[in-house]
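>>> Mind folding the following:
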Amino acid sequence: LARFTGKKVNNTFNIVFILVFAVIHTWFGIINPNLSIRNLNFSFFFMLLTVQCAWIMLDSIPPELKHLTRWTGLVFVLFSLVNVVRIIAFFFRDNLTNDYLNSGPFESVVILSYQILFTFLTFTLILMVNGRLGKQIVSEEEKFSKAFQLAPYAVLITRLSDGKIYEVNEGFLKLSKYTREEVIGKTTGELNLWYNKTDREKIVSILKEHGKLNESEYIFQNKSGELLFGLVSAELLHIDNELSILTTVYDLTPRKKLENQLVEMNATKDKFFSIIAHDLKSPFNSIIGFSSLLKEEPLNLEKHEIVQFASAIHKTATGTLHLLENLLDWSLMQQGRIFFEPKEADLSNIAHEIVEQKLNQAIAKRIEIVNLIPKNLMVTVDENMFKAVFRNLVENAIKFTLPGGKVEINAQNAGNNILVSVTDDGVGIKTENIEKLFKIETGFSTPGTRNEKGTGLGLILCREFIEKHNGKIWVESTEGKGSTFYFIIPRSGV
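The predicted structure follows:
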């Protein structure tokens, strides 16, 4: 009883108490038999025991348990009263006997009282223990519920057979972007939580074989279709005689994004060093070589050779300047130091300025450049960034268009957005290479129709500048027929 209530009792006293009782009872039971003394001994020590039990049940009990122990304590009080009456009767009765079977009506009443009270004690003890067990179950359920709901990761309980969801925590709702009403009673398949539809079967197979799953990576998708990377642990449990799965999912998506950013940063660094080590060094070697010939042998060169060498130097210097411009813009963008100053501008004028800059380059290849953007098509953009975008897209179009070809620049309204296109009828792009164009880590670049060199940096710069304007850039191309680069941006406001 003391353990039940959480209270401590003096065990030394109880041990001495039992020993004294045993000695007295043995003496008057075997050495000097006396039934009356044995009854007195039993009643006295039983009274001490029941008083102690009554005190524990009624007084020395936590307040939250008193409603469970009250009736058991009252039964012990009644036991104590019966024993007190029996002790008092011992001193006032004359017909004391050692014949147990003929001990008289008083002893019969006492024994009957003991039997009735023991019956009541059994009943009240059962109620008390059941009540305490019920209270403990409620307490444990409350602890589990709090731990379940407050867990910093997603937790869900599903049926093993079909993935029906019994319960989820707030972490799951936050991660999946569903409401509780939308998920309870549905299966994980109905909610399309699994990116790879066979992953659940794999987990079920592991659980059936080993009973649990420890920290394995899987890919999920939330209500909006966004991919999520999760570290999954799972274990089997029984709910209403059905096998169920308790699953925890730790969201790895932020870490994966950081890993991807780190990969991109490393690729950026490698690309930067590659450009410095090769793409900038090679043009200067060419310039130095041709200028050395002009310097050392000017009288031995024919006029057409001088023009050829000067033209090569000019072409190389122009290309290198373009590369330096891109490299400077790109490096400033990576460091977050580039100025972003959007203001209202006429998109046709921006395109016209770039066409004028690239006209000589186009004439050299007999390529026609047509600016079809309507006049006074106003947009809110950073002009310097958009000049860089048009410069790179037109440069690419000229680069991959055969002599006698055509490049068109166009724009049109698309709701609250502006859709811009730069189209050429050049060599086109292989389907497998399209997805490589805007990725720094691929370092993809191909020579032009006149073997013009490139670094692949221009399109990457275009992507970053367009995304800075909350826009999107993509390409549609057919090999051998040409390419169209599209980008779409908000008409006003960035």
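>>> tell me the secondary structure for the closest residue to residue 57 other than its chain neighbours?
Distances taken as C-beta to C-beta, 6 or more residues apart in numbering place residue 73 nearest to residue 57, at 3.1 Å, with adjacent residues excluded. For glycine as for every other residue, the C-beta is placed from the backbone atoms N, C-alpha and C. Here residue 73 is recorded as helix under DSSP: H, G, I helix; E, B strand; the rest coil.
>>> so what's residue 378 bridging to?
Beta-bridge partners recorded for residue 378 (DSSP bridges): residue 346.
>>> Isn't residue 224 up against residue 176?
No. Using C-beta atoms under 8 Å, residue 224 makes no contact with residue 176, being 9.7 Å away.
>>> sorry, back to before: give the contact list for the residue nearest to residue 57.
Neighbouring residues of residue 73 by C-beta atoms under 8 Å, 6 or more residues apart in numbering: 53, 54, 56, 57, 58.
>>> Next: residue 37.
Shown in contact with residue 37 (C-beta under 8 Å, 6+ apart): 24, 28.
>>> Send me the helix or strand hosting it as CSV with only the CA atoms.
Using DSSP states H and E, residue 37 sits in helix 35-58. Output of helix 35-58 as CSV, limited to C-alpha atoms (Å, rounded to 0.1, in the frame of the first residue of the first chain):
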residue,chain,number,x,y,z
LEU,A,35,-7.0,-19.8,22.4
SER,A,36,-8.1,-16.6,24.2
ILE,A,37,-4.6,-15.2,24.4
ARG,A,38,-4.0,-16.1,20.8
ASN,A,39,-7.2,-14.3,19.8
LEU,A,40,-6.2,-11.3,21.8
ASN,A,41,-2.7,-11.4,20.2
PHE,A,42,-4.2,-11.6,16.8
SER,A,43,-6.7,-8.8,17.4
PHE,A,44,-4.1,-6.5,18.9
PHE,A,45,-1.5,-6.9,16.1
PHE,A,46,-4.2,-7.0,13.4
MET,A,47,-5.5,-3.7,14.9
LEU,A,48,-2.1,-2.1,14.7
LEU,A,49,-1.8,-3.3,11.1
THR,A,50,-5.2,-2.0,10.0
VAL,A,51,-4.7,1.3,11.8
GLN,A,52,-1.4,1.8,9.9
CYS,A,53,-3.2,0.8,6.6
ALA,A,54,-6.1,3.2,7.4
TRP,A,55,-3.7,6.0,8.1
ILE,A,56,-1.9,5.4,4.8
MET,A,57,-5.2,5.2,2.8
LEU,A,58,-6.9,8.2,4.4
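>>> So residue 478 sits against residue 430, correct?
No. Contact criterion C-beta under 8 Å: residue 478 and residue 430 do not qualify, at 10.1 Å.
>>> hang on, the earlier thing: okay, residue 224 and residue 176: which has more neighbours?
residue 176 (23 against 7; other C-beta atoms under 10 Å).
>>> Apart from its chain neighbours, what residue comes closest to that one?
residue 222 (4.9 Å).
>>> quick one, phi/psi of that neighbour?
Main-chain torsions, residue 222, degrees, to the nearest 10: phi -90, psi -170.
>>> Number of residues surrounding the residue nearest to residue 429 when sequence neighbours are not counted?
Leaving aside its chain neighbours, residue 429 sits nearest to residue 477 (4.0 Å; criterion: C-beta to C-beta, 6+ apart). Residue 477 sits with 21 neighbouring residues when counted by other C-beta under 10 Å.
>>> need the contact list for residue 477.
Residue 477 neighbours (C-beta under 8 Å, 6+ apart): 428, 429, 434, 483, 484.
>>> Return the member of those residues nearest to residue 231.
Of all these, residue 231 sits closest to residue 434, with 33.8 Å by C-beta to C-beta.
>>> tell me what the helix or strand harbouring residue 363 is packed against?
Element membership of residue 363, judged by DSSP H and E, is helix 359-364. Contact here means 3 or more C-beta pairs under 8 Å, 6 or more residues apart in numbering; DSSP states H and E; on that basis helix 359-364 packs against strand 368-371, helix 383-399.
>>> Pick out the shakiest of these, pLDDT-wise.
Note on the helices and strands packed on helix 359-364: lowest mean pLDDT is at helix 383-399, with a mean of 87.
>>> buried stuff in that one?
383, 385-399 (16 or more other C-beta atoms under 10 Å).
>>> got it, and stretch 341-360?
Buried, per 16+ other C-beta under 10 Å, within stretch 341-360: 342, 345, 346, 347, 348, 350, 351, 352, 354, 355, 358.
>>> show me what contacts residue 291?
Residues counted as contacts of residue 291 (C-beta under 8 Å, 6+ apart) are 309, 313.
>>> That one belongs to a strand?
No. With three-state DSSP as the criterion, residue 291 is assigned helix and is not in a strand.
>>> Residue 305 versus that one, what's the distance?
13 Å (C-beta to C-beta, to the nearest Å).
>>> Sketch out the low-pLDDT regions of the stretch 351-494 of the chain for me.
Residue ranges of the stretch 351-494 of the chain with pLDDT under 70: 439-456, 493-494.
>>> what ranges do the strands span in it?
Using DSSP state E, counting those that start in this stretch, the strands of the stretch 351-494 of the chain run over 368-371, 378-381, 406-414, 417-424, 472-478, 482-490.
>>> Make JSON lines out of the ones you listed and add distance to residue 170.
Output for those, formatted as JSON lines (distance: least, C-beta to C-beta, whole Å):
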{"stretch": "strand 368-371", "distance to residue 170": "56"}
{"stretch": "strand 378-381", "distance to residue 170": "41"}
{"stretch": "strand 406-414", "distance to residue 170": "40"}
{"stretch": "strand 417-424", "distance to residue 170": "37"}
{"stretch": "strand 472-478", "distance to residue 170": "34"}
{"stretch": "strand 482-490", "distance to residue 170": "35"}
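>>> Minimum distance to residue 255: which of those has it?
Counting by C-beta to C-beta, residue 255 lies closest to strand 472-478 out of the strands of the stretch 351-494 of the chain; the figure is 26.2 Å.
>>> Spell out for me which residue occupies the centre of this protein.
Closest residue to the average C-alpha location of the chain: residue 251 at 1.9 Å, with C-alpha atoms, centre = their mean.
>>> quick one, helices of the stretch 101-250 of the chain?
Along the stretch 101-250 of the chain, counting by DSSP state H, counting those that start in this stretch, helices occupy 105-150, 170-176, 180-183, 199-210.
>>> Give me the helices and strands touching the longest one, please.
Helices and strands touching helix 105-150, as assessed by 3+ C-beta pairs under 8 Å, 6+ apart, comprise helix 2-5, helix 66-92.
>>> again, only this time at 6 Å
helix 66-92 (3 or more C-beta pairs under 6 Å, 6 or more residues apart in numbering; DSSP states H and E).
>>> and what of the last one?
Identification of packing neighbours for helix 199-210 by 3+ C-beta pairs under 6 Å, 6+ apart yields strand 212-221.
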